[in-house]
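Visitor: Next one to model:
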Amino acid sequence: MILQLQPAITSSEKQSIVGTLARLGFKSNEVTTQRAHYLVGIGKKEIDIRQLGNLPGIQDIHHVSDEYKLVSRKWKIAHSVIDLGDGVIIGDGSLSIMAGPCSIETEAQVDATIDHLLKSGIRIMRGGVFKPRSSPYAFRGLGIEGLKMWHTKARAAGIKIVSEVMQVSQIADMYDYVDIFQVGARNTQNFNLLDELGKVDKAVMIKRGISGTIEELLSSAEYVFSGGNEKLMLCERGIRTYERASRNTMDINAIPILKEKSHLPVVADPSHGIGIRDFVEPVALAALVAGADGIIYETHQRPEEAFSDGQQTLDFVESATLIKKLKKLEEVVRQF
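Guide: Below is the predicted model:
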């Protein structure tokens, strides 16, 4: 169960609640986030929550049977909204579009991408400076200096940044230069990393594992929330199946299921989801219809020259066309 505590709760009131939970057979886990103060009670007994509801210091109480409790929609019916500042909001009912290259490569590339995004009215740019690559000989990113260069240019243009963090030691170095920490598919169950991201006051986007289930994705999000960070979003980016016609199998099913199971915003990544440039657009449009709060995809001025993932990257003409179609389709979807 989840007990939301009153902001002005006293120490004695909290101890009384913890003691009552213990007598009822529940272990208490205290969670303090940017937005609220909770006690998560873990136990196997079914109890009448009215035994707790009238205790001083409790603002609200909810029975949640899911293993993932704080990210469950069983206690929080309203969708969570993430405010990145400067009018950039994710999960407020409008579609958030995030686009940019797989890897940050050069200053000229950053300038060209920002110019493209501004012309299309896009305020969030994606890009990697630390790249997890299957081959140790592939381009692995410009590192923190590349991120600083990118940040300077993005800030001047009013663009927000989403970039992947691969290990705990990178969090502090990246903190001042990103708006969204991305947890990639290979790190979805890096629990040390998730624990540390629970301690930061920055948005976190968790991608589904390469062969991960929906339950595993939600459990990974629970690690971050229980660590104190409510600024969370989930990303469906395709899973590895026996199918070989595409890079991954984009699980469109996961989008409405995640929206039903969790109050967190759900973002779709069609670039990794299918891995074929010609099909990124239809998959992105399908994800919007399925209920995605955001679309994140890869774009590059010349995909054939991209240092990584060129085969799934849209050029700027294709990107501009997709953005126009997404915005037009969004108007239709809002009517239902």
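Visitor: which residue packs closest to Arg302, ignoring adjacent ones?
Guide: Of all residues not flanking Arg302 in the chain, Asp315 sits nearest, at 6.9 Å (CB to CB, 6 or more residues apart in numbering). Quick note: C-beta positions are derived from backbone N, CA and C, even for glycine.
Visitor: so what's the one you found up against?
Guide: Neighbouring residues of Asp315 by CB atoms under 8 Å, 6 or more residues apart in numbering: 299-303.
Visitor: farthest pair in the residues you listed?
Guide: With distances taken as CB to CB, the most widely separated pair in the contacts of Asp315 is Thr299 and Arg302, at 10.8 Å.
Visitor: Helices along the stretch 201-336 of the chain, start to end?
Guide: Using DSSP state H, counting those that start in this stretch, the helices of the stretch 201-336 of the chain run over residues 214-226, 254-261, 270-274, 277-290, 316-333.
Visitor: In the strand or helix carrying Glu13, which residues are buried?
Guide: Using DSSP states H and E, Glu13 sits in helix 11-23. For helix 11-23, a neighbour-count test (16 or more other CB atoms under 10 Å) marks 13-14, 17-18, 21 as buried.
Visitor: I'd like to know which of the helices of the stretch 201-336 of the chain lies nearest to Arg123.
Guide: Going by CB to CB, the one of the helices of the stretch 201-336 of the chain nearest Arg123 is helix 316-333, 11.9 Å.
Visitor: and the angle for that closest one with helix 277-290?
Guide: Put simply, helix 316-333 runs at 20 degrees to helix 277-290, going by axes from the mean of the first three to the mean of the last three CA atoms, to 10 degrees.
Visitor: Strands of the stretch 1-150 of the chain, start to end?
Guide: In the stretch 1-150 of the chain, strands defined by DSSP state E, counting those that start in this stretch lie at 2-5, 27-32, 37-42, 58-62, 82-85, 88-90, 96-100, 124-126, listed in chain order.
Visitor: Redo these as TSV? Include mean pLDDT, distance to Asp293 and mean neighbour count.
Guide: Formatted as TSV, these follow (pLDDT from 0 to 100; distance: least, CB to CB, whole Å; neighbours: other CB atoms under 10 Å):
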stretch	mean pLDDT	distance to Asp293	mean neighbour count
strand 2-5	95	23	20
strand 27-32	95	24	14
strand 37-42	95	24	20
strand 58-62	93	23	17
strand 82-85	98	9	16
strand 88-90	98	6	18
strand 96-100	98	6	25
strand 124-126	98	12	24
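Visitor: and for the strand or helix carrying Ile171, what are the contacting residues?
Guide: Per DSSP H and E, Ile171 falls inside helix 168-174. Contacts to helix 168-174, defined as CB under 8 Å, 6+ apart, come from residues 130, 144, 147, 163, 165, 181, 192-193, 196-197, 200.
Visitor: filter those residues to the buried ones?
Guide: Judged by 16+ other CB under 10 Å, buried ones among the contacts of helix 168-174: 130, 147, 163, 165, 181, 193, 196-197, 200.
Visitor: any low-confidence regions in this structure?
Guide: For the chain, residues meeting the criterion pLDDT under 70 lie at 132-134, 137-139.
Visitor: Domain map for it?
Guide: 2-62, 82-333 (automatic domain parsing).
Visitor: part of a strand, is Ala154?
Guide: No. If the criterion is DSSP: H, G, I helix; E, B strand; the rest coil, then Ala154 is helix and not within a strand.
Visitor: that older thread, so how far is the helix holding Ile171 off the chain centroid?
Guide: 18 Å (CA atoms, centre = their mean, to the nearest Å).
Visitor: quick one: buried residues of it?
Guide: Buried positions in helix 168-174, judged by neighbour count with 16+ other CB under 10 Å: 170-171, 174.
Visitor: Relative to Ser211, which of the residues you listed is nearest.
Guide: Nearest to Ser211 among the buried residues of helix 168-174, counting by CB to CB, is Gln170 at 24.6 Å.
Visitor: check contacts around Asp251.
Guide: Contact partners of Asp251, counting by CB under 8 Å, 6+ apart, are 208, 236, 238-239, 273.
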